[in-house]
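**Student:** here are the coordinates; sequence isn't available:
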């Protein structure tokens, strides 16, 4: 009888490190491109478009991971085990940024920060309590973050 190897799901610390690495990669690119754009709204919009493109292309590409995730040795796949397509990768990014959306609102700064903080807690606490280490964006988009080798299409 052949046993399937146990899947190791990526927890909070390694995923946080991957996000920090991706931020270090994205920040200079976004900063350079938004320097030529006038207005905070258009700068924020350009920031979202660049980040969405980055995440979509890398997560749906052959790596199944952003450069940050690749460096720390994790990848993203659909819960069924197959790679994500571009639509699913974009949906996952949109799900990922939902807690930050109040930061772009016209709420008072104290209210805006409090709402964002609560949303972040609600969004990422499941990662600490579920067997598969799923955050809300993983649950919404049926994705999993795995430690190890990338899944091959079936």
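**Tutor:** Here it is on my side, so go on. Everything quoted here is computed from the prediction, not taken from an experiment.
**Student:** below-threshold pLDDT in this protein: ranges please.
**Tutor:** 1-5, 103-107, 149-154 (pLDDT under 70).
**Student:** residue boundaries of the strands in it?
**Tutor:** In the chain, strands defined by DSSP state E lie at 8-9, 74-78, 143-147, listed in chain order.
**Student:** okay, these in TSV with distance to residue 94 next?
**Tutor:** The way it works is simple: take the backbone N, C-alpha and C, and place the C-beta from them, glycine included. Formatted as TSV, these follow (distance: least, C-beta to C-beta, whole Å):
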stretch	distance to residue 94
strand 8-9	22
strand 74-78	14
strand 143-147	12
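**Student:** redo those as a markdown table? Include mean neighbour count and distance to residue 135.
**Tutor:** Rendered in a markdown table, the data for the strands of the chain read as follows (neighbours: other C-beta atoms under 10 Å; distance: least, C-beta to C-beta, whole Å):
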| stretch | mean neighbour count | distance to residue 135 |
| --- | --- | --- |
| strand 8-9 | 15 | 11 |
| strand 74-78 | 22 | 12 |
| strand 143-147 | 21 | 9 |
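**Student:** any idea which of the ones you listed gets closest to residue 132?
**Tutor:** Among the strands of the chain, strand 8-9 comes nearest to residue 132, with 4.9 Å by C-beta to C-beta.
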